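Participant: Let's see this in three dimensions:
(one chain, ligands or ions: 1)
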Amino acid sequence: MDIMDGRDNVSEEQWQAIVDNDTVYDGEFLYGLRTTGIFCKPSCRSRLPNRRNVLIFEDASEAVAAGFRPCKRCKPTHDRLPDQEWADEIARYLELNYARALRLQEIADHCHGSPYHLHRTFKRIKGTTPIEYLQQIRINRARALLQQTSWPISEIAGEVGIPNVSYFTTIFKKMTGRTPAMYRENIQSAEAQKRGQEEEHDEQDCVLDKARL
Ligand SMILES: [Zn+2]
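Facilitator: Numbering: from 1, shown residues only. Sure thing, here's the model as predicted:
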């Protein structure tokens, strides 16, 4: 007797995806058939199995480890980038597009995966969610602009893809511990202090030079 017998691990949502051959769910899970030892993508157009015989797997390696073979029809092991490459591709997309207002759905559409799967895979590989990663890029860019330009904060907010200034300020503060205005002020006063010290050094050098004469 199969150890999995009697355990229905198919959710309603997953079952519906299998019934509908729903491609939206491809990449989110795979299903194996106890009766055939074969696993498929949700969209596979093979005959609808008996729900009792269905086993859900997270990915192909899990299915293979359980002794299942990939279906020759839907080729569940063939059409996806390795997760590492995929996560890198998503990161590159975010780095190039941070200045636009991006939603998870849009990122997912562009990077060819469902939002749920993209979120989960990215987090597993990168240790942070795509949205957190995006916000980190934006805040780093905002810090550079606050330091290097005298642009108004509203302009910087727009430039880094968070045009709503109060939302920008909230996120900035959450990630750096300071508001953008405080951040800029601290940097400017630190720089002024540094300049003051350098001038002092110059004076001391002069005194030393004179002493050597
Ligand atoms: Zn199949």
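
Participant: and the end-to-end length of stretch 142-156?
Facilitator: Distance across stretch 142-156, first residue to last, is 6 Å (CA to CA, to the nearest Å).

Participant: Touching it from outside, list them.
Facilitator: Contacts of stretch 142-156 with the rest of the structure, by CB atoms under 8 Å, 6 or more residues apart in numbering, involve 157, 159-160, 165, 168-169, 172, 176, 180-181, 183-184, 187. For every residue, glycine as well, the C-beta is placed using N, CA and C.

Participant: gap between it and the chain center?
Facilitator: Distance of stretch 142-156 from the chain centroid (CA atoms, centre = their mean, to the nearest Å) equals 25 Å.

Participant: ok so, going back, for the ion, state which of the contacts of stretch 142-156 is nearest.
Facilitator: The closest of the contacts of stretch 142-156 to the ion turns out to be residue 160 (CB to the ion; 44.2 Å).

Participant: I'd assumed residue 100 was in contact with that closest one.
Facilitator: No. If you go by CB atoms under 8 Å, residue 160 and residue 100 don't touch, sitting 10.2 Å apart.

Participant: Show me which of those two is the more surrounded one.
Facilitator: Ranked by neighbour count (other CB atoms under 10 Å), residue 160 and residue 100 place residue 160 first, with 23 against 8.

Participant: what does this structure put close to the ion?
Facilitator: Contact residues, the chain versus the ion (CB under 5 Å from the ion): 40, 44, 46, 71, 73-74.

Participant: per-residue confidence at the most centrally placed residue in the chain?
Facilitator: What sits nearest the mean C-alpha location of the chain, by CA atoms, centre = their mean, is residue 130, with 1.8 Å. Looking at residue 130, its pLDDT stands at 96.

Participant: Residue 176: what's it in contact with?
Facilitator: Applying CB under 8 Å, 6+ apart, we find residue 176 in contact with 139, 143, 183.
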